[in-house]
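Novice: Give me a model of this one.
(chains A, B and C)
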Amino acid sequence: MSDADPRLADRAAITEQMYRYARATDWLETEWHRDVFAADCVFASPHSGDMHGVDSVVEWMNRVLAQFEATQHLISNISITFTGETTAQAVSYVRAWHRYPDPERADMVLWGEYHDRWTLIEGVWRIAERRVLEAGIEPRRDGGAKNPRRTNGSRT
Amino acid sequence: MSDADPRLADRAAITEQMYRYARATDWLETEWHRDVFAADCVFASPHSGDMHGVDSVVEWMNRVLAQFEATQHLISNISITFTGETTAQAVSYVRAWHRYPDPERADMVLWGEYHDRWTLIEGVWRIAERRVLEAGIEPRRDGGAKNPRRTNGSRT
Amino acid sequence: MSDADPRLADRAAITEQMYRYARATDWLETEWHRDVFAADCVFASPHSGDMHGVDSVVEWMNRVLAQFEATQHLISNISITFTGETTAQAVSYVRAWHRYPDPERADMVLWGEYHDRWTLIEGVWRIAERRVLEAGIEPRRDGGAKNPRRTNGSRT
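Specialist: Reported below is the predicted structural model:
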């Protein structure tokens, strides 16, 4: 067996918060983001630039989500690395599906990655920083922000 | 660190049962659903109405799955809340992909949520109640059952 | 509550390696596969035949991945069964998305399953054998390798 992992409870807690983020978004319970993000967080979605503070995150979510009939943020591949007792880094994958009210308009899907810093504040793991990298968008469009992680030169 | 989570083994056991449900469905091992559901369960898929009892679930699975060449139930965002020593609630996301034998017919995809009650019976976590909410269906169609969770009025 | 699961740390470690496999692939960090596979592994992708040894895996990844602009391997439904102190079997689902540089060419998506044997070598869980089963491919094509698991005869 592997050595015991003393951070299993922390892993479960961070994972649960990742899903709370998704439900806060998909269920338009945008105020719940205050339970997920640190008050002085940084959040950067592709093309949004850096947002500072959870008020900005909630305001942005309210504004952006209003244009969709439905969304679903399917989160997977959650990989967490602890950097201290109260700090962690995490990378996860997301398939963020967005449907417009106009039935003629194609659904928009972001295949992305969340690159996060997490911090434990008064017993609750919170996102200190979340950067959303774009692996791809459907429908395909020019000017996509290519995933900077696919740049190590090993392509032949 | 977070306080220890004494329910980690329960979380793992419920999660494993969720995936057993998916394999029972996707591999047409529909009898395996008897290992996942409680005998007196309630199961409600969009548009199916409530089914009562695991016999009904197995019969329905056999009937409905027969029309597809293949399916895949990709389950994610599993969030479990314990309500007692032997009871839990869970919400999870599913991307349920369905392919018809007719190559001209588009694949049907349900973006859904499972809203469950789980109960521990003789050492095995089982689904007492599963309600499948629809976030969206592809190909898009009229009359979709809109996700009732996206109704909190925060849309502007 | 369930009995304690003494393998929770092993489950977390194998899961983490599954995601490392995905990032090694999607980020073109193909050398990382040496941290995931056993040196004498067997790897079989649909239509590839069996590859033997991690050198073959890395060479194949470099060759095959070079044709894509981007990929994302979304892994879910990870089910692990321990067969000994240092051995395990695992089944997981994957939605492997592949985008070609040619914007006119449709994205290729494999809905698959990983059927693995894992082994603990010097404290690190590694893939001894990985077989990729195909549940379906988009765009749909003739000659797909039907999922052999959907063959139990319960289709009516």
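
Novice: can you count the residues close to the residue nearest to residue A:91 when sequence neighbours are not counted?
Specialist: Nearest residue to residue A:91, sequence neighbours excluded (CB to CB, 6 or more residues apart in numbering or on different chains): residue A:79, at 5.0 Å. For every residue, glycine as well, the C-beta is placed using N, CA and C. Residue A:79 has 18 neighbours, counted by other CB atoms under 10 Å in any protein chain shown.

Novice: Also compute the angle for the helix ranked longest in chain A relative to helix C:8-26, please.
Specialist: Assignment by DSSP state H gives helix A:8-26 as the longest helix of chain A. Here helix A:8-26 runs at an angle of 50 degrees relative to helix C:8-26 (axes from the mean of the first three to the mean of the last three CA atoms, to 10 degrees).

Novice: so how many other residues sit close to residue A:55?
Specialist: Residue A:55: 13 surrounding residues under other CB under 10 Å.

Novice: Look up phi and psi at it.
Specialist: The phi/psi pair for residue A:55 (degrees, to the nearest 10) reads phi -60, psi -40.

Novice: so where do the strands sit in chain A?
Specialist: Using DSSP state E, the strands of chain A run over A:37-45, A:49-52, A:70-84, A:87-99, A:108-121, A:124-138.

Novice: Export these to CSV and append columns for mean pLDDT.
Specialist: Formatted as CSV, the strands of chain A follow (pLDDT from 0 to 100):
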stretch, mean pLDDT
strand A:37-45, 97
strand A:49-52, 96
strand A:70-84, 97
strand A:87-99, 97
strand A:108-121, 97
strand A:124-138, 95
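
Novice: and residue B:26, which of those is closest to it?
Specialist: Residue B:26 sits nearest to strand A:70-84 of all the strands of chain A, at 17.0 Å, using CB to CB.

Novice: center of chain A - which residue?
Specialist: Nearest to the mean C-alpha position of chain A, by CA atoms, centre = their mean, lies residue A:114 at 4.6 Å.

Novice: I'd like the distance between the closest residue to it other than its chain neighbours and residue A:80.
Specialist: Excluding its sequence neighbours, the residue lying closest to residue A:114 (CB to CB, 6+ apart) is residue A:92, at 4.7 Å. Distance check for residue A:92 against residue A:80: by CB to CB, to the nearest Å, it reads 9 Å.

Novice: can you check residue A:46 too?
Specialist: 23 Å.

Novice: So these two - more neighbours on which side?
Specialist: residue A:80 (21 against 14).

Novice: Residue B:5 versus that one, what's the distance?
Specialist: Using CB to CB, we find residue A:80 at a distance of 15 Å from residue B:5.

Novice: now do residue A:57
Specialist: Taking CB to CB, one finds residue A:57 at 27 Å from residue B:5.

Novice: Looking at the two, which one has more neighbours?
Specialist: residue A:57 (24 against 17).

Novice: Spatially nearest residue to that one, not counting backbone neighbours?
Specialist: residue A:43 (5.0 Å).

Novice: which bits of chain A sit near chain B?
Specialist: Within reach of chain B by CB under 8 Å from any CB of the partner chain, chain A has these residues: A:6-10, A:12-13, A:16, A:19-20, A:22-23, A:26-31, A:62-63, A:65-66, A:69-76, A:85-86, A:95, A:97, A:99, A:103, A:107, A:120, A:123, A:125.

Novice: Report the buried members of the residues you listed.
Specialist: A:7-10, A:12-13, A:16, A:19-20, A:22-23, A:26-30, A:62, A:65, A:69-76, A:95, A:97, A:99, A:107, A:120, A:125 (16 or more other CB atoms under 10 Å in any protein chain shown).
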